[in-house]
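J.: Predicted model and sequence below, questions to follow.
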Amino acid sequence: MKKKKKNKKKKKKKKKKKKKKKKKKKKKKKKKKKKKKKKKKKKKKKKKIKKKKKKKKKKKKKKKKKKKKKKKKKKKKKKKKKKKKKKKKKK
């Protein structure tokens, strides 16, 4: 027996849309122009010959250390109590 061919409908495949990536634009840095400075001409000064003065050396004074005096503690004397003698009565 011959099999009947079924008319199968072909399913259409859905195409996936690809998302486009946005490219970031790079900002160009502006180069600053350097200003050229004009050089000023220096006038030459005439040097005077100076006589050297001798410096006097100062003597340092030595400081004397003061000795601290130790205070002596005074000892308090204890007073002795006198015992009273009891007189015996004669019978």
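T.: Everything's here; your move.

J.: do you know how far K51 is from K57?
T.: According to CB to CB, to the nearest Å, K51 stands 19 Å off from K57. C-betas here are computed from N, CA, C, even on glycine.

J.: Equivalent analysis for K73, please.
T.: Distance from K73 to K57, by CB to CB: 50 Å.

J.: any chance you could map the strands in the protein?
T.: Secondary structure of the chain (DSSP state E): no strands present.

J.: which stretches of it have low pLDDT?
T.: 1-13, 15, 78-87, 89-91 (pLDDT under 70).

J.: Count the residues that sit near K59.
T.: K59 has 6 neighbours, counted by other CB atoms under 10 Å.

J.: for it, phi and psi?
T.: Dihedral angles of K59 (phi, psi; degrees, to the nearest 10) stand at phi -90, psi 130.

J.: mind listing what it touches?
T.: Counting by CB atoms under 8 Å, 6 or more residues apart in numbering, K59 touches no other residue.

J.: Can you give me the neighbour number for K65?
T.: Around K65 there are 6 residues (other CB under 10 Å).

J.: Quickly note the distance from it to K71.
T.: 19 Å.

J.: Over to K63?
T.: 25 Å.

J.: Same question for K50.
T.: To K71, K50 is 62 Å away according to CB to CB.

J.: who touches K71 in this structure?
T.: With CB under 8 Å, 6+ apart, K71 has no contacts at all.

J.: Offset the numbering so it begins at 115, please.
T.: Sure, I'll start numbering at 115, so the last one becomes K185.
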